[in-house]
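# quick one, structure for this:
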Amino acid sequence: MHREYNGKMVNMGFYYTNIPLRLTPEHPVLCIADLREPQSVWRFKENNALNEDNLKWLPANQFTDHSFIAFPRLLETQDMELMIPELCELIGWYVSEGNVDKSNGAITISLGRDKPHLIMRVVYLINHLFGREPGVDDGGTATRITFGCEPFAALLKQFGQGATHKTIPSWFMKLPHAKQYAFLRGYILGDGCFSEYFISATTSSEHLAYKLRLMLYRLGIIHGLKQREVPDTIIDGRIIHATAPRNDITISGDGARMLDRGMGLCHDFGERTSGGFAWVGNNYILIPAQRIIEEQFAGTVYNISVDQDESYLTVHGVAHNCLKHLGAAGIALREGYERANDGNNPDSIAEKVMECLNEHAGMELDLDAMKASLDRIPASQRNANSDEAMHFVEKMYSGIRAFRAAAWQARLPTMGGSKDEISDARVWNDMMFQEMHAHAKSHPGAACVLSGM
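Numbering: from 1, shown residues only. The predicted structure is shown next:
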């Protein structure tokens, strides 16, 4: 859903990325708030301030550069016996430097001719997995390793075709850690770089970059993700036009050492600092804000609706829709209370009550989407979680409708009201907000940890 908006916008910047998060002021994010000196992450860890029990939903306009946004780690594991580590590694090579010929299904992995040890590794994997010798062509600007295997080619199509369309399917994101490290070994050896202090990789596929972020956070590895525009280049006299921005992933410090060990490599990243501005918890990565700017905005804004759960995951962390509406309603009622307390014109108080009711109407639309997604679950697949979610939706419906009926009965949207009447309305709205807060905190990003990225 989208709408035209003219008003304040909160522009948030975070460590480890140059990709901003822009939200309307009432839009809530899951965070740990009001910590001082965000760089002192280890001191916060020692005094238990970065405890996941301290997470709360906070409207964007109350978020400060002393806060940490929460990014949930995907904890579910679903193994697939056929996906042995060597196969996962070869898939990593394909995602970094491979393609499948659309005409004949031939699989090609292209590597620099100056890397004979890597070429030998890919040839070995193909021979070991499929019992055949691939063709090796040293012509052109790279060495092309080509072989045919129809079932494997069909599998690889799930990982995308072409550099800008590469991805990682959802089922692969749930494999055991050892198999994902094997995948990363192939991917980073094929498309990455090792320096004295860090590991880096670059992709023109935004979707792949976000899936790699999910995978690295799942493994507990802090990393940077930055986007940059790429100018045209000339190779062998040919002009190569950039078709998409580049997404640079960089891992340093403890993260680089952890990733290197997991991949079974032996690089020495020196004695530099752990590089720990962020913190790895059992269920979340907590990332400190670096810059918060409130600016004027006029244009289209979007409400993201996610099946069964109105929380969703951005590249930075978790945000929520229904809480946004209740938060905005709370702000409107607070302003209405201040006007009533100051003895303002009743029409101006009624205006704020109507703003509140409009936000409740927006929340009803979100609840409609949640209910529709729950109704689509076949009876054979329903369980205690889906039943609990449906009960919660019905409970929120009842609260909104009862609030609306009471407000119109008291003529608050037309005649305004006393400060006591507006105060009672604020308490009612706050009770619904706390109900939604408790539900959202227990299911943050649950429906979208995979699909939402």
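# can you give me the strands in the stretch 251-400 of the chain?
Assigned by DSSP state E, counting those that start in this stretch, the stretch 251-400 of the chain shows strands spanning 279-280, 284-302, 311-313, 318-320.
# so which strand or helix has residue 431?
Residue 431 is located in helix 419-442, with elements delineated by DSSP states H and E.
# what sits up against that helix?
30, 55-57, 310-311, 320, 322-323, 326-327, 329-330, 333-334, 336-337, 340-341, 349, 353, 356, 392, 395-396, 399-400, 403, 406-407, 410, 412, 417 (C-beta atoms under 8 Å, 6 or more residues apart in numbering). Glycine gets a C-beta too; all of them are placed from N, C-alpha and C.
# and the residues you listed, which of them are in helices?
322-323, 326-327, 329-330, 333-334, 336-337, 340-341, 349, 353, 356, 392, 395-396, 399-400, 403, 406-407, 412 (DSSP state H).
# buried only: go through the contacts of helix 419-442 for me.
Buried by 16 or more other C-beta atoms under 10 Å: 30, 55, 57, 310-311, 320, 322-323, 326-327, 329-330, 333-334, 336-337, 340, 349, 353, 356, 392, 396, 399-400, 403, 407, 410, 412, 417, out of the contacts of helix 419-442.
# averaged pLDDT, the helix holding residue 431. What do you get?
Across helix 419-442, pLDDT averages out at 80.
# okay, angle between it and helix 322-341 too, please.
With axes from the mean of the first three to the mean of the last three C-alpha atoms, to 10 degrees as the basis, helix 419-442 and helix 322-341 are set at 160 degrees to each other.
# export helix 419-442 as PDB, just CAs?
Extracted C-alpha coordinates of helix 419-442, given in PDB (Å, rounded to 0.1, in the frame of the first residue of the first chain):
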ATOM      1  CA  LYS A 419      -8.900  17.000  28.800                       C
ATOM      2  CA  ASP A 420     -10.300  14.200  31.000                       C
ATOM      3  CA  GLU A 421     -12.200  12.700  28.000                       C
ATOM      4  CA  ILE A 422      -9.100  12.900  25.800                       C
ATOM      5  CA  SER A 423      -6.900  11.500  28.600                       C
ATOM      6  CA  ASP A 424      -9.200   8.500  28.800                       C
ATOM      7  CA  ALA A 425      -8.900   8.000  25.000                       C
ATOM      8  CA  ARG A 426      -5.100   8.200  25.300                       C
ATOM      9  CA  VAL A 427      -5.200   5.400  28.000                       C
ATOM     10  CA  TRP A 428      -7.400   3.300  25.800                       C
ATOM     11  CA  ASN A 429      -5.100   3.700  22.700                       C
ATOM     12  CA  ASP A 430      -2.000   3.100  24.900                       C
ATOM     13  CA  MET A 431      -3.500  -0.200  26.100                       C
ATOM     14  CA  MET A 432      -3.900  -1.300  22.500                       C
ATOM     15  CA  PHE A 433      -0.400  -0.100  21.700                       C
ATOM     16  CA  GLN A 434       1.000  -2.200  24.600                       C
ATOM     17  CA  GLU A 435      -0.900  -5.300  23.400                       C
ATOM     18  CA  MET A 436       0.500  -4.800  19.900                       C
ATOM     19  CA  HIS A 437       3.900  -4.100  21.300                       C
ATOM     20  CA  ALA A 438       3.900  -7.400  23.300                       C
ATOM     21  CA  HIS A 439       2.800  -9.400  20.300                       C
ATOM     22  CA  ALA A 440       5.300  -7.700  17.900                       C
ATOM     23  CA  LYS A 441       8.200  -8.200  20.300                       C
ATOM     24  CA  SER A 442       7.400 -11.900  20.600                       C
END
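# which residues in the stretch 51-200 of the chain form helices?
Ranges of helices within the stretch 51-200 of the chain are 85-97, 116-130, 150-156, 177-191, based on DSSP state H, counting those that start in this stretch.
# and the shortest one, what's buried?
Under the neighbour-count criterion of 16+ other C-beta under 10 Å, helix 150-156 has 152-153, 155-156 buried.
# farthest pair in those?
Pairwise distances across those peak at 7.3 Å for 153 and 155 (criterion: C-beta to C-beta).
# so which of the strands of the stretch 251-400 of the chain comes closest to residue 387?
Ranking the strands of the stretch 251-400 of the chain by proximity to residue 387 (C-beta to C-beta) places strand 311-313 first, at 19.2 Å.
# average pLDDT for the closest one?
51.
# same check on stretch 177-190?
For stretch 177-190, the mean confidence score works out to 96.
# and it, how far out from the chain middle?
Between the centre of stretch 177-190 and the centre of its chain there are 21 Å (C-alpha atoms, centre = their mean, to the nearest Å).
# cool, and stretch 187-202?
On C-alpha atoms, centre = their mean, the centre of stretch 187-202 falls 23 Å from the chain's centre.
# with stretch 403-419 instead?
On C-alpha atoms, centre = their mean, the centre of stretch 403-419 falls 40 Å from the chain's centre.
# ends of it, what's the gap?
Using C-alpha to C-alpha, to the nearest Å, one end of stretch 403-419 lies 17 Å from the other.
# so residue 264 makes contact with residue 188?
No - with contact defined as C-beta atoms under 8 Å, residue 264 does not count as touching residue 188 (11.8 Å).
# more crowded one of the two?
A count of neighbours by other C-beta atoms under 10 Å puts residue 188 above the other of residue 264 and residue 188, at 23 against 12.
# nearest residue to that one other than its sequence neighbours?
residue 201 (5.4 Å; C-beta to C-beta, 6 or more residues apart in numbering).
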